[in-house]
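# Fold the stuff below for me.
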Amino acid sequence: METEEVSSTVSTPSEAHEAMEEFQRVLIERHIPKVNCPEHIILVVDVCKEEGNSPYRLADGTKHPSMYMVKRALTLFLLNKHSIDAQHKFALVALHESPIWMHDFTNNPRDIIVELEELEEAAATTHCDMSSLFDLIEQQVTLPQCSNPAVFPPEFICRTILLYGRSQCLPQFLEGKTAFSKLNENPHFFLDILYMHETPSDDNKCEGIFDLLCGLDESGWSYVLEVSRNATKLHNHCGSLLAHPLQRPVQRDINYTLTVAE
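Numbers count the residues shown, from 1 in each chain. Prediction:
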């Protein structure tokens, strides 16, 4: 069995230079029309509840578990995304010891919201296998094929949004990265990640997990966001993910600061 941890570590200046050249090359090669075509969005929700998980505290003083806040934020995301374009489709995957395809693609967000409400937190597992997750996605989706993707817009694009909530369990590719690589080779596949975690400390692996999740962005087009039990920031991040992958800037260039015109 091949065990491979996701890694984004560059050890030498020469490797750093090569990595930057590869990053720029991929960005150039993935230059495709910036059209507002329909999205097929796969929401992957981590349902693991680790021992000692702390709740979110709202402004009114009430406390809510992580799963409650995720459901609330995703409900708003689904309704707002659908209001932008009713042609968008959504699917739902529950991530536990193995991923479960909960609901196939639908352009009715209420169908996904119903499934979301039925999700329950489950006991933490000793591992998180990224291989099985992307194997499942690769089996379930049909990606658009264009003879000249730099010129012709696709009928749709496919985006996976991974909501990962563990602070003690590092993601690994236990059976290799074949499906992951195949998906990422298609210019019309996108992967975004929202990492929801405990406050980083010596007692957890939050920083290492975040580094590994950042390593999943092999194209430079992903958004990798993180939040530590901050309800406002969680909702803001879900709002950021409303942007269409073909029309938004790369994450390093985003700026949500409002300035007063003189």
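# Can you show me the helices along the stretch 101-250 of the chain?
Taking DSSP state H, counting those that start in this stretch as the criterion, the stretch 101-250 of the chain contains helices spanning 109-118, 130-140, 178-185, 206-214, 231-240.
# Could you pull up the mean pLDDT of the last one?
When the per-residue pLDDT values of helix 231-240 are averaged, the result is 96.
# Repeat that for the second one.
Model confidence over helix 130-140 averages 97 on the pLDDT scale.
# same deal with the shortest one?
When pLDDT is averaged over helix 178-185, the result is 95.
# and the angle from that helix to helix 130-140?
Counting by axes from the mean of the first three to the mean of the last three C-alpha atoms, to 10 degrees, helix 178-185 lies at 60 degrees to helix 130-140.
# Give me the helices and strands touching helix 178-185, please.
When contacts are defined as 3 or more C-beta pairs under 8 Å, 6 or more residues apart in numbering; DSSP states H and E, helix 178-185 packs onto helix 130-140, strand 189-196. Placement of C-beta: from N, CA and C, glycine included.
# ok, back up a step: with mean neighbour count as extra columns, can I get the helices of the stretch 101-250 of the chain in CSV?
Output for the helices of the stretch 101-250 of the chain, formatted as CSV (neighbours: other C-beta atoms under 10 Å):
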stretch, mean neighbour count
helix 109-118, 16
helix 130-140, 19
helix 178-185, 16
helix 206-214, 18
helix 231-240, 17
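# follow-up on the earlier one: turn the helices and strands packed on helix 178-185 into a markdown table, including distance to Y164.
Output for the helices and strands packed on helix 178-185, formatted as a markdown table (distance: least, C-beta to C-beta, whole Å):
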| stretch | distance to Y164 |
| --- | --- |
| helix 130-140 | 10 |
| strand 189-196 | 5 |
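# Out of those, which gets nearest to V70?
Proximity to V70 (C-beta to C-beta) singles out strand 189-196 among the helices and strands packed on helix 178-185, at 7.1 Å.
# For the closest one, what is the distance to the chain centroid?
Relative to the chain's own centre, strand 189-196 is displaced by 2 Å; criterion: C-alpha atoms, centre = their mean, to the nearest Å.
# any idea of the pLDDT on A59?
Among the per-residue scores, A59 holds a pLDDT of 88.
# hang on, the earlier thing: possible to save the helices of the stretch 101-250 of the chain as a markdown table with distance to T75?
As requested, those are exported to a markdown table (distance: least, C-beta to C-beta, whole Å):
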| stretch | distance to T75 |
| --- | --- |
| helix 109-118 | 5 |
| helix 130-140 | 22 |
| helix 178-185 | 27 |
| helix 206-214 | 24 |
| helix 231-240 | 10 |
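# Please identify which of those is closest to R72.
Among the helices of the stretch 101-250 of the chain, the nearest to R72 by C-beta to C-beta is helix 231-240 (8.0 Å).
# centre of the chain versus the closest one, how much separation?
On C-alpha atoms, centre = their mean, the centre of helix 231-240 falls 14 Å from that of its chain.
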